[in-house]
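In: Fold the following.
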Amino acid sequence: MNINTDLQQLKGSYLFTEIVNRTKAYQTAHPEARILRLGVGDVTRPLPKPIIDAMHNAVDELASAETFRGYGPEEGYEWLREAVVENDYRPRGVELEASEVFISDGAGSDLGNLSELFTQANRVAILDPSYPAYVDTSKMAGREIVFLPSQAENGFVPELPKEQADLIYLCFPNNPTGAVLTREQLKMWVDYAREHKSIIIYDGAYECFIEDEDIPHSIYEIPGAKEVAIEVRSYSKIAGFTSVRCGYTVVPKATGLQAMWMRRQCTKYNGTSYIAQRAALATYTPEGKAATRANVDYYKETARILMDGLRKMGYEVYGGKNAPYIWCRVP
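Out: Next up is the predicted model:
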């Protein structure tokens, strides 16, 4: 028996798990302490009423023999995939087919699972700092990683790789720096991928926070991107689905990977919960859109308060505009 030694390269605990464990240990040692939790998922607002109502209705359907549903389509129900195309892409001038949209149990899962479409020999380019899953899943696959410095000195927008990068993870608006890309900047990455026959895995989980018109909401707003980009999105950020778990991934046919991803999903994934998909569909109703907009406004105001407070204390702070994240230089 031979184990996967690439897994041994990882630290003993995943970053967010380590935060939870340290918090628990501190709380045990200091039971009187009042802890302000700002960790993953801790500042999410309760689910809006239109979404809760949709979930209740879905549960009632599953309680009746006449309306019960078993396994759904591995790629997601057609009505939700069509809603994604009609609401998230067509208004931005992006034309997709519903068959190019794959509903999942959240962006985090797909960001790691997409790695299975590519061989170990592919070199991966990842922004530094970045969401830790990009690095960890690349190490699990035994791939060479090229880190792209993303710092205040370059506006948190790194230079294009100087060497061949076969897979490129991009996240904009960025977790954790709060940086964004203009159309011109994003076009440079698309042009690089087309020239080098690379694939961009584009994490667009925070697009709902974009305000400025010159900031693209989707990489597919850039001509030619459908040939070289896979886009991943989440309902956790806009609708508070951190425990509900629902998101989606767009794999355009033009990448040549759509059928392969479909085959992978049919083998290794039994489909997203019907209840979660009905909840996701509710975000596209007029009532759902109003409620999720209120959520986003609340998070933006929270970021503004934190930024103003830190600046008044003399800290150097970035992000916060077009993104929920702020990045603070700690002396």
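
In: All the helices of the stretch 1-150 of the chain, in order from the start?
Out: Using DSSP state H, counting those that start in this stretch, the helices of the stretch 1-150 of the chain run over 15-29, 49-62, 78-84, 107-113, 132-140.

In: What is the third one packed up against?
Out: Read that as helix 78-84. In terms of contacts (3 or more Cβ pairs under 8 Å, 6 or more residues apart in numbering; DSSP states H and E), helix 78-84 is packed against strand 101-104, helix 274-282. C-beta coordinates here come from the backbone N, C-alpha and C atoms, glycine included.

In: let's go with 10 Å and repeat that
Out: Counting contacts by 3 or more Cβ pairs under 10 Å, 6 or more residues apart in numbering; DSSP states H and E, helix 78-84 is packed against strand 101-104, strand 247-250, helix 274-282.

In: So what touches it?
Out: 72-73, 75-77, 90, 96-103, 233, 246, 248, 250, 272, 276-285 (Cβ atoms under 10 Å, 6 or more residues apart in numbering).

In: Produce a PyMOL select command limited to the buried residues of those residues.
Out: Only the buried entries of the contacts of helix 78-84 go into this PyMOL selection, using 16 or more other Cβ atoms under 10 Å:
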select buried, resi 72+73+75+76+77+96+98+100+101+102+103+233+246+248+250+272+276+277+278+279+280+281+282+283
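
In: if we can go back for a sec, can you redo the helices and strands packed on helix 78-84 as CSV with distance to V59 and mean pLDDT?
Out: Putting the helices and strands packed on helix 78-84 into CSV (distance: least, Cβ to Cβ, whole Å; pLDDT from 0 to 100) gives the following:
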stretch, distance to V59, mean pLDDT
strand 101-104, 19, 98
strand 247-250, 21, 98
helix 274-282, 6, 98
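
In: among those, which is nearest D212?
Out: strand 247-250 (22.7 Å; Cβ to Cβ).

In: Could you list every helix and strand that the closest one packs against?
Out: helix 78-84, strand 101-104, helix 107-113, strand 199-203, strand 229-234, helix 258-268, helix 274-282.

In: Mind telling me which of those the model trusts least?
Out: Comparing mean pLDDT across these, the weakest is helix 107-113, with a mean of 93.

In: Check which helices and strands that helix sits against.
Out: strand 101-104, helix 132-140, strand 167-171, strand 199-203, strand 229-234, helix 236-239, strand 247-250, helix 258-268.

In: Tell me which of the helices of the stretch 1-150 of the chain sits most buried.
Out: Most buried of those by mean neighbour count (mean count of other Cβ atoms under 10 Å) is helix 107-113; its value is a mean of 21.

In: quick one: contacts of that one?
Out: Contacts of helix 107-113 (Cβ under 10 Å, 6+ apart): 16, 40, 102, 104, 131, 133-134, 136-138, 140-141, 169, 171, 201, 203-205, 230, 232-237, 245-249, 251, 261, 264-265, 268-269, 272.

In: And the protein, what are its domain boundaries?
Out: For the chain, the structural domains run 1-33, 50-282, going by automatic domain parsing.

In: any idea of the mean pLDDT in the shortest one?
Out: Same thing as domain 1-33. 83.

In: Show me how far it is from its chain's centre.
Out: 22 Å (Cα atoms, centre = their mean, to the nearest Å).

In: Please work out the average pLDDT along the host helix or strand of V317.
Out: Element membership for V317, per DSSP states H and E: strand 316-319. The predicted model gives strand 316-319 an average pLDDT of 96.

In: and the next element down the chain from it?
Out: Next along the chain from strand 316-319, counting by DSSP H and E, comes strand 326-329.

In: just checking, what packs against that next one?
Out: Judged by 3+ Cβ pairs under 10 Å, 6+ apart, the packing partners of strand 326-329 are helix 286-312, strand 316-319.
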